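Okay, predicted coordinates and the sequence, questions at the end:
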Amino acid sequence: MNVSWTEKQKENHEKAARILERIKDNAFNFIRKNKDIDELTARNFIVSEFEKNGLVRDKDPPIVAFHENTGEVHYFADEKRNKKLGDSGLILLDIWAKLPGKNGMFADITWMGFKGNEIPKEIRESWNFVKEARELALDFLRNELKNCRIPLGKEVDDIVRNFFKKKGVLENFKHSTGHSLGEEVHWIYPYLDKRSVVMPLLKNMGYTIEPGLYFQEKYGIRSEVDFYIDDKNELIITSEIQRDIVRI
């Protein structure tokens, strides 16, 4: 199996990322305009946006989580667990899809939002930790590539783990730093995780960086961007980087 993306596959991946970003913006606006919004209604809106834009998704639905449900790593709303947002609360959107056909490669993004007058201090602090961990991982990759070295996935993951350990929240890091992207949203190894200790990251194939902190039954924070390493050893970020929590 040839895992290196062709130029057309890179192009289609980036097209999918642009569409997902528009859908993310539309979803936040939909949530903003619907006072009694619940998770399933927001998720159904996102699925309808996928269909409207001709995107292909996998067997799992997009993740829309409100309030304490954001604290579950892979949360999928159902009729029994379908939280309403109400007047104030945290929002997590995790959406992934690709363009149809053999040249369609998945894009995958996670964004955070908050409805209310003031973001609680602990949520703001956790967001800052996650954002800094994301940037440290990206900077580590850039520096390694500048020195003509492609790191192991574990080495990138260690950057995030060591930072969270320093901040005293390592036990809340319950999601690996990232995974590969391709014909499936979780594709082949190496990932950016502690198991990837043999093979360095592969050139011309997509990956995510998505550190997260999860405080069970309270809240969770994650930020996710996509990238690949090109033939010139340059880090190409293919999705929008979230700089602050979206205010609803």
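Good, I have the coordinates.

From the chain's centroid, how far away is whichever strand or helix holds L138?
Assigned by DSSP states H and E, L138 belongs to helix 121-146. Distance of helix 121-146 from the chain centroid (C-alpha atoms, centre = their mean, to the nearest Å) equals 13 Å.

Could you tell me the backbone phi and psi angles at the spatially most central residue of the chain?
What sits nearest the mean C-alpha location of the chain, by C-alpha atoms, centre = their mean, is E224, with 2.9 Å. With angles defined as degrees, to the nearest 10, E224 sits at phi -130, psi 130.

number of nearby residues for the spatially closest residue to K83 that is not a sequence neighbour?
In this structure, K83 finds its nearest non-sequential neighbour in F66, 4.5 Å apart by C-beta to C-beta, 6 or more residues apart in numbering. (Glycine included, C-beta is placed from N, CA and C.) Neighbours of F66 under the rule other C-beta atoms under 10 Å: 24.

Next one: F66 from K232, what distance?
Plainly put, F66 is 43 Å away from K232 if you go by C-beta to C-beta, to the nearest Å.

Name the residues of the next helix or strand after the helix holding L138 that are buried.
Per DSSP H and E, the first helix or strand lying C-terminal to helix 121-146 is helix 153-166. Along helix 153-166, these residues count as buried under the neighbour rule (16 or more other C-beta atoms under 10 Å): 153-161, 163-164.

repeat for stretch 231-243
235, 238-240, 242.

The helix holding L138 to helix 153-166, inter-axis angle?
150 degrees (axes from the mean of the first three to the mean of the last three C-alpha atoms, to 10 degrees).

Next, format the buried residues of stretch 231-243 as CSV and append pLDDT, secondary structure and distance to K174.
Output for these, formatted as CSV (pLDDT from 0 to 100; DSSP: H, G, I helix; E, B strand; the rest coil; distance: C-beta to C-beta, whole Å):
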residue, pLDDT, secondary structure, distance to K174
L235, 98, strand, 26
T238, 98, coil, 26
S239, 98, coil, 22
E240, 98, coil, 25
Q242, 98, coil, 20
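
wait, which of these is closest to Y75?
Ranked by distance to Y75 (C-beta to C-beta), the buried residues of stretch 231-243 are led by Q242 at 19.0 Å.

unless I'm mixing things up, that closest one is touching L93, no?
No. Using C-beta atoms under 8 Å, Q242 is not in contact with L93; the gap is 10.5 Å.

overlap in contacts of the two?
Here Q242 and L93 have 111-112 as joint contacts, going by C-beta atoms under 8 Å, 6 or more residues apart in numbering.

Please name the nearest non-neighbouring residue to E183.
M105 (7.0 Å).

quick one, phi psi at that neighbour?
Residue torsions, per degrees, to the nearest 10, at M105 are phi -120, psi 140.
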